[in-house]
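Visitor: Pasting a predicted model and its sequence here:
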There are 2 protein chains.
Amino acid sequence: MGVEAGCIGIVGLGLIGGSIGLDLRSHGWEVQGLVHRKQTADRALARGLVSAVSTDPSCLQRCNLVVLALPIPALLQPDPALVDALPRNAVITDVGSVKQPVLDRWKPLHPRFVASHPMAGTASAGVEAGQCDLFRGRPWIATPDAGTEPEALARVQVLATQLGSHWFTAAAGQHDQAVALISHMPVLVSAALLRTAGDERDPEIRRLAQALASSGFADTSRIGSGNPDLGVAMASSNREAVLKALAAYRWSLEQLEDAVLRNNWDQLRRELSRTQALRPGFLQASSELSS
Amino acid sequence: MGVEAGCIGIVGLGLIGGSIGLDLRSHGWEVQGLVHRKQTADRALARGLVSAVSTDPSCLQRCNLVVLALPIPALLQPDPALVDALPRNAVITDVGSVKQPVLDRWKPLHPRFVASHPMAGTASAGVEAGQCDLFRGRPWIATPDAGTEPEALARVQVLATQLGSHWFTAAAGQHDQAVALISHMPVLVSAALLRTAGDERDPEIRRLAQALASSGFADTSRIGSGNPDLGVAMASSNREAVLKALAAYRWSLEQLEDAVLRNNWDQLRRELSRTQALRPGFLQASSELSS
């Protein structure tokens, strides 16, 4: 499992790390993987996610770019052996969905750290989940601050665009509030919907609700039934922004409820016409807005 | 546009009425359509939704089964000319998503009325929307009461099963509460999500939210951006059940918010594990529960 000079390191070979590895391999790059378990290492190599893989952090020694494709908790409390093994002259980036806490944690740990977030995913996880072209056409946001080295940032941009992503940059705090609005808070909104239907006390109504639930309910409840650990990681690492988004959400829902309470159907129609008009702005907007 | 004795009448040839017509035609039935406008009549005939069509209610004279495929407001305030034209010995049914108000309205109007609700739909509407097999594998619920004639109920069941639906019956009030839980209230929950994101005051955060919104947000916000008139019809005709479901929903969301507020991540993980376990019960359950 030897490694060439100048290869790209990927720490963690789950959905995101594995998909990055597959794409980089297809472009002919040398990719060095680092995972926890021997069994994962074997599968990663068999699936072609990496050209070399190890469970020993020292394998990253000759990488000039390292992608930390780790869950948020592992990013925020990184293994000291990993931090020690990262080459000081390499560019280090991450893929976490929360940026301010990651930036705060990693700035003191490595001089060439770039906080970034590829917005892509599927319901799958683990070493079998990685797939080609996961990032094509999707946004990849970096959140540099005054201390971020421009050359390191440019290196991550080359990676993102090589993988077909739409690149842009934002302030970490604004990124986190935006992600709370369109991803982290909606997980709780969706979960509460399942909870409400599941908590219905009348067994006949509950049975009917289950029988009658159609694609509309399936869609609205999908993200509320995802990986609980991921939901907790989002809410705990982006707590302030999630609470702010929840408060704004409660206010919005109250306005609609108020129209129903007051039998103000003109008002409700206006509100629903507005939400109908709002949605296209949130669909496939990344390609337009990244330019 | 002559009509044979014993044909089936369909009043309204939008998505539901047109789809029923297409399926019945493919089974060789004679189908008499009734619509408001000559132009719709011509398109319905050209599309093969019906074997005969008219804008004159008297065309229903020789039908022994009439399906009122009308929007809720038109069902609750029916055209007197339509009511007068319905043969007294025909079975009359409807397809509205709210049942108690429809049953209350129609019981005094026709002795053989059967309230029913095929649970099927797409985002399309109008005379071009009807499609084959829309009802196959989907639930079709009738909500008879003590005054419903058993023979009339059986006649609607034959229709529903002929179209491939899973047939079952429920009390109208329980149907309406179940539908509020899994369809009407979720429309408002989903609309409030779009409203929250659209109302974000910081233009940079709003721009980022639009750019970063992915399939999760698209799914969760889909039913909140549907036909505003349909949303108003649901909320106004099923107001009590919708308000009750909204109150239960607010309580559920508060429980999740409370876990975030108190940094109680074990509690949040338990809640999200529970919602993860709940969802499969609401997917494709109709085929099992109708038996």
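Guide: Arrived safely.

Visitor: Can you spell out the domain ranges of chain A, please?
Guide: A:7-170, A:174-289 (automatic domain parsing).

Visitor: Quick check: mean pLDDT of the longest one?
Guide: It stands for domain A:7-170. Domain A:7-170 shows a mean pLDDT of 96.

Visitor: ok, which stretches of the stretch 1-150 of chain A are helices?
Guide: A:15-26, A:38-47, A:72-76, A:80-85, A:100-106, A:150-162 (DSSP state H, counting those that start in this stretch).

Visitor: how many neighbours does the closest residue to A:D258 other than its chain neighbours have?
Guide: Distances taken as CB to CB, 6 or more residues apart in numbering or on different chains place A:N264 nearest to A:D258, at 7.7 Å, with adjacent residues excluded. Heads up, the C-betas are built off the backbone N, CA and C, glycines and all. Neighbour count for A:N264, taken as other CB atoms under 10 Å in any protein chain shown: 13.

Visitor: Kindly report the same for A:N64.
Guide: Counted with other CB under 10 Å, residues neighbouring A:N64 total 15.

Visitor: ok, it touching A:Q32?
Guide: No: using CB atoms under 8 Å, A:N64 is not in contact with A:Q32; the gap is 10.8 Å.

Visitor: which residues are in contact with both of these two?
Guide: A:7-8 (CB atoms under 8 Å, 6 or more residues apart in numbering or on different chains).

Visitor: Output the below-cut-off pLDDT ranges for the stretch 151-291 of chain A.
Guide: Applying pLDDT under 70 to the stretch 151-291 of chain A flags the ranges A:284-291.

Visitor: For it, which segments are assigned as helices?
Guide: Using DSSP H, counting those that start in this stretch, helices in the stretch 151-291 of chain A cover A:172-179, A:185-199, A:203-212, A:215-221, A:228-237, A:239-261, A:265-278, A:286-289.

Visitor: Tell me which residues touch the spatially most central residue of chain A, please.
Guide: Centroid check for chain A by CA atoms, centre = their mean gives A:S97 as the closest residue, at 3.9 Å. Contacts for A:S97 (CB under 8 Å, 6+ apart) come out as A:72, A:117, A:179, A:183-184, A:234, A:238.

Visitor: now with 6 Å?
Guide: Residues in contact with A:S97, defined by CB atoms under 6 Å, 6 or more residues apart in numbering or on different chains, are A:117, A:179.

Visitor: quick revisit: please convert the helices of the stretch 151-291 of chain A to TSV, extending it with mean neighbour count.
Guide: Formatted as TSV, those follow (neighbours: other CB atoms under 10 Å in any protein chain shown):
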stretch	mean neighbour count
helix A:172-179	24
helix A:185-199	26
helix A:203-212	21
helix A:215-221	21
helix A:228-237	22
helix A:239-261	19
helix A:265-278	18
helix A:286-289	15
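
Visitor: Let me know which of those helices is the nearest to B:A259.
Guide: Smallest distance to B:A259 across the helices of the stretch 151-291 of chain A (CB to CB): 8.1 Å, for helix A:228-237.

Visitor: Tell me which residues are up against the closest one.
Guide: Contacts of helix A:228-237 (CB under 6 Å, 6+ apart): A:72-73, A:98, A:101, A:184, A:187, A:242, B:260, B:265, B:268-269, B:272-273.

Visitor: if we can go back for a sec, next, format the domains of chain A as JSON lines and append distance to B:I141.
Guide: As requested, those are exported to JSON lines (distance: least, CB to CB, whole Å):
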{"stretch": "domain A:7-170", "distance to B:I141": "31"}
{"stretch": "domain A:174-289", "distance to B:I141": "7"}
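
Visitor: Among these, which comes closest to B:A142?
Guide: Comparing the domains of chain A by CB to CB, domain A:174-289 comes nearest, at 12.5 Å.

Visitor: what distance separates that closest one from the middle of the whole chain?
Guide: 19 Å (CA atoms, centre = their mean, to the nearest Å).

Visitor: where does the stretch 51-200 of chain A come near chain B, residue by residue?
Guide: Taking CB under 6 Å from any CB of the partner chain as the contact definition, the stretch 51-200 of chain A meets chain B at A:119, A:139, A:170, A:174, A:177-178, A:181-182, A:186, A:188-198.

Visitor: switch to 8 Å and redo it
Guide: A:119-121, A:138-139, A:141, A:168, A:170-171, A:174-175, A:177-179, A:181-183, A:185-200 (CB under 8 Å from any CB of the partner chain).

Visitor: Which residue ranges of the stretch 1-150 of chain A form strands?
Guide: Per DSSP state E, counting those that start in this stretch, the stretch 1-150 of chain A carries strands over the ranges A:7-11, A:31-34, A:52-54, A:63-68, A:91-94, A:113-114, A:116-118, A:139-142.

Visitor: can you redo the ones you listed as JSON lines with distance to A:R43?
Guide: What follows is these, written out as JSON lines (distance: least, CB to CB, whole Å):
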{"stretch": "strand A:7-11", "distance to A:R43": "14"}
{"stretch": "strand A:31-34", "distance to A:R43": "11"}
{"stretch": "strand A:52-54", "distance to A:R43": "9"}
{"stretch": "strand A:63-68", "distance to A:R43": "19"}
{"stretch": "strand A:91-94", "distance to A:R43": "23"}
{"stretch": "strand A:113-114", "distance to A:R43": "29"}
{"stretch": "strand A:116-118", "distance to A:R43": "22"}
{"stretch": "strand A:139-142", "distance to A:R43": "26"}
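
Visitor: Go through those and name the closest to A:P150.
Guide: A:P150 lies closest to strand A:113-114 among the strands of the stretch 1-150 of chain A, at 10.1 Å (CB to CB).

Visitor: Verify the contact between A:S26 and A:C132 for me.
Guide: Yes: A:S26 is within contact range of A:C132, at 6.5 Å (criterion: CB under 8 Å).

Visitor: Need the phi and psi values for the nearest residue to A:N227 once chain neighbours are set aside.
Guide: Leaving out its chain neighbours, the residue that sits closest to A:N227 by CB to CB, 6+ apart is A:A125, at 6.7 Å. A:A125 adopts backbone torsions of phi -150, psi 160, taken as degrees, to the nearest 10.

Visitor: what number of residues lie near A:A125?
Guide: If you count neighbours by other CB under 10 Å, A:A125 ends up with 17.

Visitor: So it versus chain B, what's the distance?
Guide: As judged by CB to the nearest CB, to the nearest Å, A:A125 and chain B stand 13 Å apart.

Visitor: and that residue, what does it touch?
Guide: Residues near A:A125 by CB under 8 Å, 6+ apart: A:14-15, A:227.

Visitor: Give me the buried entries from those residues.
Guide: Among those, the ones that count as buried by 16 or more other CB atoms under 10 Å in any protein chain shown are A:14-15.

Visitor: Turn the contacts of A:A125 into a markdown table, including distance to B:P150.
Guide: As requested, the contacts of A:A125 are exported to a markdown table (distance: CB to CB, whole Å):
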| residue | distance to B:P150 |
| --- | --- |
| A:G14 | 59 |
| A:L15 | 56 |
| A:N227 | 50 |
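
Visitor: between the contacts of A:A125, which is closest to chain B?
Guide: A:N227 (7.8 Å; CB to the nearest CB).

Visitor: how about stretch A:22-35: buried residues?
Guide: Result for stretch A:22-35 [16+ other CB under 10 Å]: buried residues A:22-25, A:29-35.

Visitor: try stretch A:134-142
Guide: A:134-135, A:138-142.

Visitor: again, but for stretch A:45-63
Guide: Buried residues in stretch A:45-63, counted by 16+ other CB under 10 Å: A:45, A:49-54, A:57, A:59-60, A:62-63.

Visitor: next one: that stretch to chain centre, how far?
Guide: With CA atoms, centre = their mean, you get 23 Å for stretch A:45-63.

Visitor: Compute the number of surrounding residues for the residue lying closest to A:A142 once chain neighbours are set aside.
Guide: In space, and not counting its chain neighbours, A:A142 is closest to A:S116: 4.3 Å by CB to CB, 6+ apart. By the criterion of other CB under 10 Å, A:S116 has 27 neighbours.
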